[in-house]
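*Asks:* dropping a prediction and its sequence here:
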Amino acid sequence: MKKTRGKLLLAAMAMQLSAWGSAYAAGPAYMHTGGRTTQP
């Protein structure tokens, strides 16, 4: 049980990190194109 929970937490953390990374990388590009297309 503990092992599975740790794996899930690790996966969630990795997903959040990659999401932050892609948002940080795409941020300036979207601002330059003048579109906040991904966000409401």
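*Replies:* Sure, I can see it.

*Asks:* CA atoms for contacts and neighbours, from now on please.
*Replies:* Noted.

*Asks:* what about Tyr24, distance to Leu8?
*Replies:* As defined by C-alpha to C-alpha, to the nearest Å, Tyr24 lies at a distance of 24 Å from Leu8.

*Asks:* could you tell me the average pLDDT over whichever strand or helix holds Trp20, please?
*Replies:* Taking DSSP states H and E as the criterion, Trp20 maps to helix 2-33. Average pLDDT, helix 2-33: 77.

*Asks:* in that helix, what's buried?
*Replies:* Counting neighbours by 16 or more other C-alpha atoms under 10 Å, one finds that helix 2-33 has no buried residues.

*Asks:* list the helices and strands that helix packs on?
*Replies:* Using 3 or more C-alpha pairs under 8 Å, 6 or more residues apart in numbering; DSSP states H and E, no helix or strand is in contact with helix 2-33.

*Asks:* using PDB, write out every CA atom in stretch 11-22.
*Replies:* The C-alpha trace of stretch 11-22 is given here as PDB (Å, rounded to 0.1, in the frame of the first residue of the first chain):
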ATOM      1  CA  ALA A  11       3.900  10.400 -10.800                       C
ATOM      2  CA  ALA A  12       1.700  13.300  -9.800                       C
ATOM      3  CA  MET A  13       4.700  15.400  -8.900                       C
ATOM      4  CA  ALA A  14       6.400  14.500 -12.200                       C
ATOM      5  CA  MET A  15       3.200  15.500 -14.100                       C
ATOM      6  CA  GLN A  16       2.900  18.800 -12.300                       C
ATOM      7  CA  LEU A  17       6.600  19.500 -12.900                       C
ATOM      8  CA  SER A  18       6.300  18.800 -16.600                       C
ATOM      9  CA  ALA A  19       3.100  20.900 -16.800                       C
ATOM     10  CA  TRP A  20       4.900  23.800 -15.100                       C
ATOM     11  CA  GLY A  21       7.900  23.400 -17.500                       C
ATOM     12  CA  SER A  22       5.800  23.400 -20.600                       C
END
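
*Asks:* all further residue positions should be reported with the first residue as 25.
*Replies:* Noted, 25 is the first residue going forward, which turns the last one into stretch 35-46.

*Asks:* contacts for it, please.
*Replies:* Residues from elsewhere that reach stretch 35-46, judged by C-alpha atoms under 8 Å, 6 or more residues apart in numbering: none at all.
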